[in-house]
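Peer 1: no sequence on this one, just coordinates:
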């Protein structure tokens, strides 16, 4: 099945990606460049000396296979390393170079982020290479970067410069870039909390054991209730991406339609552009024909079966809360009343059980304990409605960020037991 990107003109594909990169402060007005190579050898690339925040499709430049430059602008000054990478790696068709702060921090320390932090990061990015410094725009830089790609790396940190990610399509290169940036941010946040845990080879292989396939059923005309739920859920999924609670292909959100069915995000679909018709209906344990649901669908199904009052389930990767999941640090919600009331006491789930037992996640959450930190696998939250689950996720992430920021100010002083008992009486009718 062709992706949405298959129908985009190269100008539009590069422009949309740069808009996302710039709007999320993953590069600066003058920094970064993107390129896409067509099957005929033509390379489309972002221009030199043009404001990344005001880029238009007409600014995108085409460098033909014979070297002729077509367009109203000059190609990026980093064109030499793009062309050299494509020459040495004929399998590559898309390149992202940018200066996201977290990965620049690694480049300043002359280190590369270890993608074994998450099984998804390892599978998407692989090991990260490191290219020695050379003058920007020079052929020497092209040789340094392309030489590192030639060794088999697909993501490369440039010494005191930034990062380059490449893949067999531009969309795949963007996913690698976004995943590596998220991994780098999580490592930095995690190190502020304590020792960071990484996965070994065996643990990385465990997700392959997960049940992936559901039997299919032919889905007839959708009811008005289903159509409305598709609209609402898709809006919140895109919002989760904008809030940086999801990244483009990571994060699963589902919502109950009725006692026997729910809608869930599809597998490997861009969360930033997802529409209601992209969502997958799961009914009586079967998925609507022609669509592939999130790999978390089995786990969500078991949660809905166990708790009749739960109307929405989210697996997510918000960077601050996820930093707690890769360390042993406590995420103490006794910070402000909202945190304790909305999130309660998050549980901790060890890495691995969810890949062998679809019901494992349902044992770590409940209406009374609606959030869980999944070791090296993000977080899980549940709610009675889409809005309640989403709010819970936002509060969990805000609480985690506040605790991490508190470390720069002084020791955390949580609310004492008297205040907690008062909250329990007022909001939960206890005592």
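Peer 2: Structure received. From a predicted model like this one, the values you see are computed outputs, not experimental measurements. Numbers count the residues shown, from 1 in each chain.
Peer 1: so residue 166 touches residue 148, yeah?
Peer 2: No - using CB atoms under 8 Å, residue 166 makes no contact with residue 148, being 10.7 Å away. Quick note: C-beta positions are derived from backbone N, CA and C, even for glycine.
Peer 1: what about these two, which has more around it?
Peer 2: Using other CB atoms under 10 Å as the criterion, residue 166 and residue 148 rank with residue 166 on top: 29 against 22.
Peer 1: Tell me the secondary structure of that one, please.
Peer 2: Secondary structure of residue 166, reduced to three states by DSSP: H, G, I helix; E, B strand; the rest coil: strand.
Peer 1: Could you report the distance from it to residue 95?
Peer 2: Look at residue 166 and residue 95: by CB to CB, to the nearest Å, they are 5 Å apart.
Peer 1: what touches both of these two?
Peer 2: Listed contacts common to residue 166 and residue 95 are 85, 173; contacts here mean CB atoms under 8 Å, 6 or more residues apart in numbering.
Peer 1: what helix or strand does residue 372 sit in?
Peer 2: Assigned by DSSP states H and E, residue 372 belongs to strand 371-374.
Peer 1: next one: residue 238
Peer 2: Using DSSP H and E, residue 238 falls within helix 224-242.
Peer 1: Give the next helix or strand downstream of that helix.
Peer 2: strand 252-258.
Peer 1: got the domain boundaries for this protein?
Peer 2: 4-193, 214-428 (automatic domain parsing).
Peer 1: Burial check on residue 289, number of neighbours?
Peer 2: Neighbour tally, residue 289, other CB under 10 Å: 10.
Peer 1: which non-adjacent residue is nearest it?
Peer 2: Distance criterion CB to CB, 6 or more residues apart in numbering; nearest residue to residue 289, sequence neighbours excluded, is residue 216 at 4.2 Å.
Peer 1: who's in contact with that neighbour?
Peer 2: Residue 216 makes contact with 286, 287, 288, 289, 290, according to CB under 8 Å, 6+ apart.
Peer 1: Now do the phi/psi pair for it.
Peer 2: phi -110, psi 160 (degrees, to the nearest 10).
Peer 1: Residues in a beta bridge with it, which ones?
Peer 2: Residues in a beta bridge with residue 216, per DSSP bridges, are residue 287.
Peer 1: Could you give the number of residues near residue 346?
Peer 2: With other CB under 10 Å as criterion, residue 346 counts 26.
Peer 1: before we move on, what about residue 57?
Peer 2: For residue 57, using other CB under 10 Å, the count is 13.
Peer 1: which residues sit in contact with it?
Peer 2: Taking CB under 8 Å, 6+ apart as the criterion, residue 57 is in contact with 9, 11, 12, 15.
Peer 1: Let's see if you can find the most crowded of the residues you listed.
Peer 2: residue 15 (20 neighbours).
Peer 1: Check which helices and strands the strand holding residue 372 sits against.
Peer 2: When contacts are defined as 3 or more CB pairs under 8 Å, 6 or more residues apart in numbering; DSSP states H and E, strand 371-374 sits against helix 319-325, strand 347-349, strand 379-383.
Peer 1: Just the buried residues of the following helix or strand past the second one, please?
Peer 2: Proceeding C-terminally, strand 347-349 gives way to helix 353-356 as the next helix or strand, assigned by DSSP H and E. Of the residues in helix 353-356, those scored as buried under the neighbour-count criterion (16 or more other CB atoms under 10 Å) are 353, 354, 355.
Peer 1: and what of stretch 240-255?
Peer 2: 240-241, 245-255.
Peer 1: Stretch 183-203 too?
Peer 2: So for stretch 183-203, counting by 16+ other CB under 10 Å, buried means 183-190, 193, 196-197, 199, 203.
Peer 1: Please report the distance of the nearest residue to residue 377 once chain neighbours are set aside from residue 49.
Peer 2: Nearest residue to residue 377, sequence neighbours excluded (CB to CB, 6+ apart): residue 351, at 6.4 Å. Taking CB to CB as the measure, residue 351 falls 47 Å from residue 49.
Peer 1: Kindly report the same for residue 187.
Peer 2: 33 Å.
Peer 1: Please name the bridge partners of the spatially most central residue of the chain.
Peer 2: Closest residue to the average C-alpha location of the chain: residue 247 at 2.3 Å, with CA atoms, centre = their mean. Taking DSSP bridges, one obtains residue 250 as the residues bridged to residue 247.
Peer 1: can you tell me the average pLDDT over the longest helix seen in the chain?
Peer 2: For the chain, the helix with the greatest residue count under DSSP state H is helix 170-193. What helix 170-193 shows for mean pLDDT is 97.
Peer 1: what's around residue 58, how many residues?
Peer 2: Neighbour count of residue 58, defined by other CB under 10 Å: 12.
Peer 1: what does residue 417 give?
Peer 2: 9.
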